[in-house]
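Enquirer: Below: sequence and its predicted model.
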Amino acid sequence: MDQPATPNSFRTGPDEQGMFGIFGGRFVAETLMPLILDLERHWNEVKNDPDFKAELTDLSTHYAGRPSKLYFAEGLTKHLREVSSAKGLGGGAKVYFKREDLNHTGSHKINNCLGQILLAKRMGKKRIIAETGAGQHGVAAATVAARFGFPCVVYMGATDVARQSPNVFRMKLLGAEVRPVTAGHGTLKDAMNEALRDWVTNVEDTYYLIGTAAGPHPYPELVRDFQSVIGTEARAQILEQEGRLPDTIIAAVGGGSNAIGLFHPFLDDKEVRIIGIEAGGRGLDGIEHCASMNAGAPGVLHGNRTYLLQNADGQILDGHSISAGLDYPGVGPEHSWLRDSGRVEYVPILDDEALEAFKLTTRVEGIIPALESAHAIAHAVKIVPAMDKDQIVIVNLSGRGDKDVHTVASMLGMEI
Amino acid sequence: MVTRIDRRMAKLKAEGRPALVTYFMSGDPDYDTALSIMKALPKAGADIIEMGMPFSDPMADGPAIQAAGLRALKGGQTLVKTLQVAADFRAGDNETPIVLMGYYNPIYIYGVDRFLKDAIASGIDGLIVVDLPPEMDEELCIPALKAGVNFIRLATPTTDDKRLPKVLQNTSGFVYYVSMTGITGSALADTGKVAAAVKRIKGHTDLPVCVGFGVKTAEQARIIGANADGVVVGTAIVNAVANVLGPKGEKTADPAEAVATLVSGLSQGVRSARLAAAE
């Protein structure tokens, strides 16, 4: 593919049509078109509205617990310096964790949900629908729906309902109705199809609270903007704590909302290397992975053009990841654009590598990371020993891993 | 440029009756059966054929058409083969218009220019691509119009008067009015509201307006057909196929015959539509 010319800024997208280069757009049925135009109109109204901002900031502070801490992961840093020495390199960068796991509901998902529920309220909507994979977004959506008194329906693939039962129970406690989706492989992709079918049916009163920076314009933009609080805080925090920008920042990419949230404020800091981690599953040779940007091709699904796992006939594949939150055959369109423009590197991490990083972080830091975040940590484990001691790496610890203990136990052959 | 769709619509207008537009899923449950179903449609009274292009993620379709698409994909159907079904049909019928209906990704992957060239060679007259609204016209609609293929747009209850001109702008062949907000195969909407909506659309265009989503019986076809230029039936036909398939997909009766029986009845419905309206 032709490399596009390097733009002056990587932070100006999308354009008025919702495109990031050839990616993004509004590939939806006509029934939904007036709805997303209406959403765009309201979004353009509120995004520079000081009252809206003030309300969101207040909730972020007092309800969600922001700002999240930027934590020097001393235990992991020490461990990786030992690894470096053992290899005769004598290096090992300082590793920081952006602690999104400490947010209310246990992940970065609450940032987006608070923003969107305020938008739904402004638009006069009466009912919330959402899709979820791991259940983190479902829980966050059910949480804000409870807080603001909206009925909430969460679509969740039947496979995910089975492997994420604690989150299913949390959603039910929060008053949401969880509808298992049996179509396809019963994972996030199928849940998103079903949520779109609900939306196309209940157009009058329903707000679709999408959980990731994907879908038709303006969702990729608005989710990114709500999640950019991660990178904005991290940038200010590292300047305060270290007096300079990091050398490398790393985040896991499923749909890519935590990653775009961390990356976006750093995109024009040319000296900062930015790495997104895709789910390599059981390896990129077969089809048991979710590395759409490493092993897929551009295509159109769920309202946007982006890199997708698909066959030669344009049929979407299901993919596989140990992490339900990364188990999606597509990716947000801005990531596809950042990939092709060369600004961000996207690399895969295997299930086994993520599992090792999960165990390591738990042992040396006393932090149980989400399996999604463990993918990002696993890449830090790979590259940090070869870096210099005065270099700095920030890893987005997008969520906590309590939800994953059953999965990990079964991977390790244990019963709980 | 006059297409088979334009000619057929003009002929039916002269006859004073609405068109029966029948949808079936290409490759469901296999290539040969789908071709025999397609051949049976005009004989049973179908005026225009919509052929579904199976897609793994049909976001606007209900369970019946989702299942039909998956059966077709399981049976090895691809876009290449769907065009071949059309070409095989065309060899014996050069009059009945064929409209391909589906989602954009398989066409995008096939390549828009190559697809249009091959579609025309296969005797395709029109396209309905659910996830390409007018905002994305540059993708396929404009190239199709230039190539002489009708691009048939869906108008829906959410398409208000302000938006309607945009939806109609590059539409040709006919306008497909979706009778309700929802997915294919849902219950039929209030027929009075549908009639009013058709009238509203006709105030903006000279194109024929066909109505679909929710029409399952001859009686419904008759009522809808009293005010529309065409009636689209899809889920009922797909169900007629599913009903003669056993639990392992084996045929318990001839699917083409089951479809023909249903379509003959529907055809009676549209043929009595204007008579009913005149009473």
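Expert: Done, it's in.
Enquirer: Chain A contacts on the stretch 1-150 of chain B?
Expert: The stretch 1-150 of chain B comes close to chain A at residues B:55-60, B:62, B:66, B:73, B:78-80, B:103-110, B:130-136, as judged by CB under 8 Å from any CB of the partner chain. (Each C-beta comes from the backbone N, C-alpha and C, glycine too.)
Enquirer: longest strand of the chain?
Expert: Reading this off chain A. When chain A is parsed with DSSP state E, its longest strand is strand A:273-281.
Enquirer: my bad, the chain I had in mind was chain B
Expert: Ranked by residue count and defined by DSSP E, the top strand of chain B is strand B:19-25.
Enquirer: start to end distance for stretch A:296-314?
Expert: 11 Å (CA to CA, to the nearest Å).
Enquirer: How is chain A partitioned into domains?
Expert: Following automatic domain parsing, chain A resolves into domains at A:66-106+A:228-411, A:108-224.
Enquirer: Can you add distance to A:K47 and give the ones you listed back as JSON lines?
Expert: Formatted as JSON lines, those follow (distance: least, CB to CB, whole Å):
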{"stretch": "domain A:66-106+A:228-411", "distance to A:K47": "11"}
{"stretch": "domain A:108-224", "distance to A:K47": "8"}
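Enquirer: and B:V21, which of these is closest to it?
Expert: domain A:108-224 (21.1 Å; CB to CB).
Enquirer: Report the distance from the longest strand of chain A to the chain centre.
Expert: Distance of strand A:273-281 from its chain centroid, counting by CA atoms, centre = their mean, to the nearest Å, is 12 Å.
Enquirer: who touches the next helix or strand after the longest strand of chain B?
Expert: Counting by DSSP states H and E, the next helix or strand C-terminal to strand B:19-25 is helix B:31-43. Residues outside helix B:31-43 that contact it (CB atoms under 8 Å, 6 or more residues apart in numbering or on different chains): B:22, B:24-28, B:49, B:51, B:72, B:75-77, B:81, B:84-85, B:88-89, B:92-93, B:96, B:241, B:251, B:255-257, B:259-260, B:263.
Enquirer: Okay, now the unreliable bits of the chain?
Expert: Using chain A. For chain A, applying pLDDT under 70 flags the ranges A:1-5.
Enquirer: looking at chain B here, not the other one
Expert: Low-confidence segments of chain B (pLDDT under 70): B:275-279.
Enquirer: Looking at the stretch 51-200 of chain A, what residue ends up closest to chain B?
Expert: Nearest residue of the stretch 51-200 of chain A to chain B, counting by CB to the nearest CB: A:L196, 4.6 Å away.
Enquirer: How many neighbouring residues does A:H379 have?
Expert: For A:H379, the count of nearby residues is 25 (other CB atoms under 10 Å in any protein chain shown).
Enquirer: Hmm, I typed the wrong one, I wanted A:A297.
Expert: Counted by other CB under 10 Å, the residues lying close to A:A297 total 16.
Enquirer: With just CA atoms, put the helix ranked longest in chain B into PDB.
Expert: In chain B, taking DSSP state H as the definition, the longest helix is helix B:255-271. Taking Å, rounded to 0.1, in the frame of the first residue of the first chain, the C-alpha atoms of helix B:255-271 are listed here in PDB:
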ATOM      1  CA  PRO B 255     -37.500 -26.100  -2.000                       C
ATOM      2  CA  ALA B 256     -38.100 -24.700  -5.500                       C
ATOM      3  CA  GLU B 257     -41.600 -26.200  -5.400                       C
ATOM      4  CA  ALA B 258     -42.300 -24.800  -1.900                       C
ATOM      5  CA  VAL B 259     -41.200 -21.400  -3.000                       C
ATOM      6  CA  ALA B 260     -43.200 -21.600  -6.200                       C
ATOM      7  CA  THR B 261     -46.400 -22.400  -4.300                       C
ATOM      8  CA  LEU B 262     -45.900 -19.400  -2.000                       C
ATOM      9  CA  VAL B 263     -45.000 -17.000  -4.800                       C
ATOM     10  CA  SER B 264     -48.100 -18.100  -6.900                       C
ATOM     11  CA  GLY B 265     -50.300 -17.100  -4.000                       C
ATOM     12  CA  LEU B 266     -48.500 -13.800  -3.500                       C
ATOM     13  CA  SER B 267     -48.800 -13.200  -7.200                       C
ATOM     14  CA  GLN B 268     -52.600 -13.500  -7.000                       C
ATOM     15  CA  GLY B 269     -52.400 -10.900  -4.200                       C
ATOM     16  CA  VAL B 270     -50.600  -8.300  -6.300                       C
ATOM     17  CA  ARG B 271     -52.800  -9.100  -9.300                       C
END
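Enquirer: orientation of it relative to helix B:31-43 in degrees?
Expert: 30 degrees (axes from the mean of the first three to the mean of the last three CA atoms, to 10 degrees).
Enquirer: What lies in contact with helix B:255-271?
Expert: Here helix B:255-271 makes contact (CB under 8 Å, 6+ apart) with B:17-20, B:22, B:24, B:29, B:33, B:36-37, B:39-41, B:43-46, B:217-222, B:225, B:231, B:233, B:236-237, B:240-241, B:243-245.
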